[in-house]
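Student: only geometry, no sequence info:
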């Protein structure tokens, strides 16, 4: 059985390149490190270090044992973290913000799980886009923000925040059922040149994304309706008011009079949860991230 402190000394030498540097990193004396390594060599029954100029280097056996030491130390660190989590009470206020499609589809099961598993947690939820909720996250007004990042319009996460990818989503094309392209499985966006577009409210990130996607295909969008909410957009498509790009997460029941087809190019977005760096493994934030991951499982692979 190898002594953990001796494995830590070997790992430090492998990381820092010398006994002196390893001693400084471990806050002990060089002679103390040398003694630990000498005892470890006796435990291993093989030489672990050999002279190299004025310093030392690891032998083949030393490199092998150092790689095992790294895994052992990482496992022990994880064990300490898990024990701390076991002691940690999940209670008090937790403020979650999320984009509207996730408020509708992802947050109900998330909040239900949190209420069942952590009844002392006081959760509040607000709806908002990333340009609003990420600054609130940084200032401490929100604890977890669920946002989207389109391939065509990436969301920049602040350096002080940590992102957790939940799943990938796709936007499809919603056409009136009687449209000439409605029978197709996939439609090139450049082909949709005889319909106006239904978009989110002007100035919103979703509106900007639609305009940017179409212009990237050399299509200048003629927008006839600007409304918030994809169910309303689909109702307008059913009424022959135009075409819309609707994420699968937001689609729900497709009204009569609407046909959903794929797009060329495919339109992908990533749904992710963000929190302030350092808080992802503690208390209510950890519980929220765990619940969001579990709720996201049914949206993977579509």
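Tutor: Received, thanks. Just so you know, these numbers come straight off a predicted model, no measurement behind them. Residues are numbered from 1 along each chain as shown.
Student: Low-confidence regions, the protein specifically.
Tutor: Within the chain, the segments meeting pLDDT under 70 span 82-89, 301-302.
Student: Which strand or helix spans residue 168?
Tutor: strand 161-176 (DSSP states H and E).
Student: Now do the helices in the stretch 1-150 of the chain.
Tutor: Taking DSSP state H, counting those that start in this stretch, the helices of the stretch 1-150 of the chain run over residues 4-16, 19-26, 30-44, 60-87, 100-105, 107-117, 130-139.
Student: so how far is stretch 192-206 from its chain's centroid?
Tutor: 28 Å (CA atoms, centre = their mean, to the nearest Å).
Student: end to end, how far does it reach?
Tutor: Stretch 192-206 has an end-to-end distance of 19 Å (CA to CA, to the nearest Å).
Student: what's it in contact with?
Tutor: 129-131, 153, 173, 175-176, 179-181, 207, 210-211, 214, 219, 221-228, 233, 236-237, 241-244 (CB atoms under 8 Å, 6 or more residues apart in numbering). In short, each C-beta sits where N, CA and C put it, glycine included.
Student: Could I have the buried ones of the residues you listed as PyMOL selection syntax?
Tutor: To isolate the buried members of the contacts of stretch 192-206 in PyMOL, using 16 or more other CB atoms under 10 Å:
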select buried, resi 129+130+153+173+175+176+179+181+207+210+211+214+219+221+223+225+226+227+233+236+237+241+242+243+244
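Student: Return the subset of the contacts of stretch 192-206 lying in strands.
Tutor: Members of the contacts of stretch 192-206 lying in strands (criterion: DSSP state E): 173, 175, 176, 223, 224, 225, 226, 244.
Student: The fourth one: what's it in contact with?
Tutor: Remark: with contacts taken as CB under 8 Å, 6+ apart, residue 223 is in contact with 196, 197, 198, 199, 210, 211.
Student: ok, it to residue 93 distance?
Tutor: 40 Å (CB to CB, to the nearest Å).
Student: about what we covered before: how about a markdown table for the contacts of residue 223, with distance to residue 68 added?
Tutor: Shown next, in a markdown table, are these (distance: CB to CB, whole Å):
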| residue | distance to residue 68 |
| --- | --- |
| 196 | 65 |
| 197 | 59 |
| 198 | 60 |
| 199 | 57 |
| 210 | 54 |
| 211 | 55 |
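Student: Let's see which of the residues you listed end up in helices.
Tutor: 210, 211 (DSSP state H).
Student: Could I get the contacting residues of the nearest residue to residue 147 once chain neighbours are set aside?
Tutor: Computed as CB to CB, 6 or more residues apart in numbering, the closest residue to residue 147 that is not its neighbour in sequence is residue 130, at 3.9 Å. Contact analysis of residue 130 by CB under 8 Å, 6+ apart lists 99, 145, 147, 148, 149, 155, 205.
Student: Out of these, give me the two with the largest separation.
Tutor: Spanning the widest gap among the contacts of residue 130 are 145 and 205, at 13.4 Å by CB to CB.
Student: Looking at the two, which one has more neighbours?
Tutor: Neighbour comparison, residue 145 and residue 205: the larger count goes to residue 145, with 29 against 18 (by other CB atoms under 10 Å).
Student: how close does that one sit to residue 254?
Tutor: From residue 145 to residue 254 the distance is 29 Å (CB to CB).
Student: Repeat that for residue 223.
Tutor: According to CB to CB, residue 223 stands 22 Å off from residue 254.
Student: again, but for residue 297
Tutor: Residue 297 is 23 Å from residue 254, where distance means CB to CB.
Student: who's more crowded, these two?
Tutor: The residue with more neighbours, out of residue 297 and residue 254, is residue 254; 16 against 11, by other CB under 10 Å.
Student: The more buried one is in contact with residue 234, isn't it?
Tutor: Yes. The pair residue 254 / residue 234 is scored as a contact, 6.6 Å apart, by CB atoms under 8 Å.
Student: list residues touching both of these two?
Tutor: Common neighbours of residue 254 and residue 234 (CB under 8 Å, 6+ apart) are residue 174.
Student: on that earlier part again, what residues of the strand holding residue 168 count as buried?
Tutor: Within strand 161-176, the residues that qualify as buried are 161, 162, 163, 166, 167, 169, 171, 172, 173, 174, 175, 176, counting by 16+ other CB under 10 Å.
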